[in-house]
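Visitor: only the shape, not the letters, is given here:
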Ligand code: HEM
């Protein structure tokens, strides 16, 4: 079954000077359009779409994990420029991916519109007349009876009506003119059309979100706050038509963060029950409200939502420089490296005198020394310890190209050593202070707090998408489970006064299973004369036929 | 009962189910062997349109293969025994699932990791088979189904086993229940459908085989129809799982309803391939064999997503495979 329009132009008069085999541009256009909107093209485009989606699951994607992508790019300097040109780092935004789904959409619309018209006409049309030879139908049953054809057909009409069929009755007097035609299952095509239209709706909703929405992440240590504007984000991924002025002007502070650590059983050491207690203000002069932000329970403010997606430790570190001035202080987020929350972090003190100071190293929530090696026992902070190396020199922060606050550029730094040249480490537990060598300053580990990573996003069109998918599902169910069927009953009198009854059935869906239906119709027809003439034949009579 | 007791019960039930599945397989194999030569076999007419007798008690299931004229007593008994054992094994299988759920504290649905997902998925295959074997005329497929279930169950017990543990926080949502249960049902049903398509392809080549298992398999049109029905059931369920509940859950847990995460990408690929399958069935020149190939491609993407992505891809947020992940993960740590 192809869903293209009947060829309306087939008998258009040909231009006189036309040579055979030559297509006019117009015809070529029509031909192209027919190809594009054919079922086969849809099929091929669908397969292409599936194929085109694969690279994005193998190659790291910028929009999904930018850190991973940049690492991959650093490791593959040869491939990167080529991949970049091909858009392989953002497959789902690439021109070629878009080309496939746009073609599919055009094909879809071009396919649906004519089918809508056809359906509209079919809805108001009567069931088609009974074919001459019912025995040629996939399912055909034949029997004889003493009842008059009129009686049989009246009963047929009643039986079929009860089964939900739309009827058309012909009571002609000549042979072969008395029949009942019946059709049902019109909703199948409606469901199919609804499904395909809904696919377009889904795509529009999806595109709206991608173009006008944004998604950003920020790490917020306990006790600090956040105001919703682009400068406050650690990373922000806006859609191409996103307007920063449309961002909701809310702000919040993170008052407290709770975790349950599981201390027994197979997942000992795992954390759960994350709960970030927020105080938030919906806009500048809104009253304060509170919210317990948990995983799977985002906070919605207008069209924007705030999600809790990560957490970690932020040691509170204070640095005084060689002059004894307080040059650095406060919670410093460290990034977890493993499930036990051993974390990596960096402290940059550009204002220290005589020289800027940089620290880099690890935080152990529960530190233990085993055979001289530092070991982290668990994620819960039972024995918090930092162990860092110290550097002085140019931190490279003025180079302009934004530097990660979680990485130390050591190219112009010198590592500090003890006076005797041996290894120097800042190994501290809460409350302890250490002097840096060479009078560079002092470092104090005041204590430890926690940070949460919040994802903040606005996805306009989300409900359109959801509505579209739900409609698509409804359409799909109608389309797959409603059986469009036609049944015809024909009754003719033969010379002996016996009535020949032919019942034929046609299943118009691809599942094709109409035998049961026809047999039930026949059972309904013959409820009174079963004994009289014995069983019905899977009838080839009266027109003998073999197939 | 204590959690420990529930867990033990679950493990024992799995073991028992495995043994009973095996016994069921054995008796089906005996049945099979005793039917190696189908006596008095007459090839059924091989037309796509099935003419069928109605009226006086015509057989309701034309797909049923032409059974031996007088099926030997042994074949009949072993067949029945196989079915009985299969049903028993399926019940034990259910017990093991319930046990897993009850063993966790707090109680939860038993599909929190690969082991449990496989346990539940194979249960659906077996249960779906029991439920549909008459309606779709699938009785002949019993030995294959049992063999598949048994194999997957063994893989689960040997390689995927995980002790009962609470769910990671992101998995702890009622959307998980709906999402995963529909994914499992769809996976099980697609797998059965794929089985029908394989047999369709095999049988299509040698429709007149008179010996062995193949002779008991229905004719290609019936297989094609059974495959279609299974796919038609599974496709909307899959749509519901990956395009409705999945995104809703992802939205709640990770803030974006569609993130092109590898797991999502492959679920989408699977969906598109099955959409292509349904199209193929309605396209002249593609229905039949090509459609069956597409169905197989669909099963391949489906299982690749479940197994392959979990093991080979490190950048998926769907951390079924990794037990040791922190409950929530920091991602995209770059500060600009
Ligand atoms: C985004 C692209 C498309 C998707 C995801 C899609 C999906 C589907 C699905 C799942 C079905 C089977 C369920 C049903 O019968 O309703 C189907 C059927 C159908 N599709 Fe599409 N389709 C797409 C594009 C198209 C296009 C471009 C055409 C026009 C050529 C088309 C024509 C049809 C027709 C005629 C059927 C009915 C087949 C039958 O009678 O069984 N589809 N489509």
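Guide: Ah, there it is. The model shown is predicted, which means the values in this text are computed figures rather than measured ones.
Visitor: from residue A:30, how far off is the residue lying closest to residue B:240 once chain neighbours are set aside?
Guide: The shortest distance from residue B:240 to any residue other than its chain neighbours is 5.2 Å, reached at residue B:182 (C-beta to C-beta, 6 or more residues apart in numbering or on different chains). For every residue, glycine as well, the C-beta is placed using N, CA and C. Residue B:182 sits at a distance of 44 Å from residue A:30 (criterion: C-beta to C-beta, to the nearest Å).
Visitor: check the stretch 201-350 of chain A for the residue nearest the ligand and tell me.
Guide: residue A:203 (7.9 Å; C-beta to the nearest ligand atom).
Visitor: ok, the residue nearest to residue A:270 when sequence neighbours are not counted - contacts?
Guide: Take residue A:270 and drop its neighbours on the chain: the residue closest to it by C-beta to C-beta, 6+ apart is residue A:262, 5.0 Å away. Residue A:262 makes contacts with A:268-272, B:166, as judged by C-beta atoms under 8 Å, 6 or more residues apart in numbering or on different chains.
Visitor: from those, which shows the smallest pLDDT?
Guide: Among the contacts of residue A:262, residue B:166 has the lowest pLDDT, at 66.
Visitor: if we ignore the residues flanking it in sequence, what's nearest the most centrally placed residue in chain B?
Guide: Centroid-nearest residue in chain B: residue B:188, 2.3 Å away (criterion: C-alpha atoms, centre = their mean). Distances taken as C-beta to C-beta, 6+ apart place residue B:124 nearest to residue B:188, at 3.2 Å, with adjacent residues excluded.
Visitor: what pLDDT is listed against residue A:101?
Guide: pLDDT, read off for residue A:101, is 89.
Visitor: that should have said residue A:478, apologies.
Guide: As predicted, residue A:478 sits at a pLDDT of 92.
Visitor: run a quick neighbour tally on it.
Guide: 19 (other C-beta atoms under 10 Å in any protein chain shown).
Visitor: check which helix or strand it maps to.
Guide: Secondary structure from DSSP states H and E places residue A:478 in helix A:462-481.
Visitor: I'd like the next helix or strand past that helix.
Guide: strand A:485-493.
Visitor: name the nearest residue to residue B:157, ignoring sequence neighbours.
Guide: Using C-beta to C-beta, 6+ apart, the nearest residue to residue B:157 is residue B:14, at 6.2 Å.
Visitor: surely that neighbour and residue B:119 touch.
Guide: Yes - using C-beta atoms under 8 Å, residue B:14 is in contact with residue B:119, at 7.1 Å.
Visitor: before we move on, back to that, what's the helix or strand for the residue nearest to residue B:240?
Guide: Per DSSP H and E, the secondary structure element for residue B:182 is helix B:174-205.
Visitor: and that helix, average pLDDT?
Guide: Here the average pLDDT along helix B:174-205 is 88.
Visitor: buried ones in it?
Guide: When burial is assessed from 16 or more other C-beta atoms under 10 Å in any protein chain shown, helix B:174-205 yields the following buried residues: B:175-176, B:178-204.
Visitor: and residue 298, how many neighbours does it have?
Guide: In the absence of a named chain, chain A is used. 24.
Visitor: sorry, should have said chain B
Guide: Residue B:298, neighbours per other C-beta under 10 Å, totals 28.
Visitor: and for the one 10 residues further on?
Guide: Other residues near residue B:308 come to 15 when the count uses other C-beta under 10 Å.
Visitor: what of residue A:159?
Guide: 21.
Visitor: in a helix, it, correct?
Guide: Yes - membership of residue A:159 in a helix is supported by DSSP: H, G, I helix; E, B strand; the rest coil.
Visitor: quick check: it vs residue A:520, distance?
Guide: In terms of C-beta to C-beta, residue A:159 sits 9 Å off from residue A:520.
Visitor: what do you get for residue A:275?
Guide: Counting by C-beta to C-beta - residue A:275 and residue A:520 are separated by 61 Å.
Visitor: more neighbours: which of the two?
Guide: residue A:275 (16 against 13).
Visitor: what's the helix or strand for the more buried one?
Guide: strand A:271-281.
Visitor: now that strand, how far from the centre of its chain.
Guide: 27 Å (C-alpha atoms, centre = their mean, to the nearest Å).
Visitor: hmm, that strand touching chain B?
Guide: Yes - Strand A:271-281 reaches chain B (C-beta under 8 Å from any C-beta of the partner chain) through A:271-274.
Visitor: still on that earlier bit, following the host helix or strand of the residue nearest to residue B:188, which helix or strand shows up next?
Guide: Residue B:124 is part of helix B:114-132 when elements are defined by DSSP H and E. Next along the chain after helix B:114-132, taking DSSP H and E as the criterion, comes helix B:142-155.
Visitor: and residue 110, helix, strand or coil?
Guide: You didn't pick a chain, so chain A it is. helix.
Visitor: oops, I was thinking of chain B
Guide: coil.
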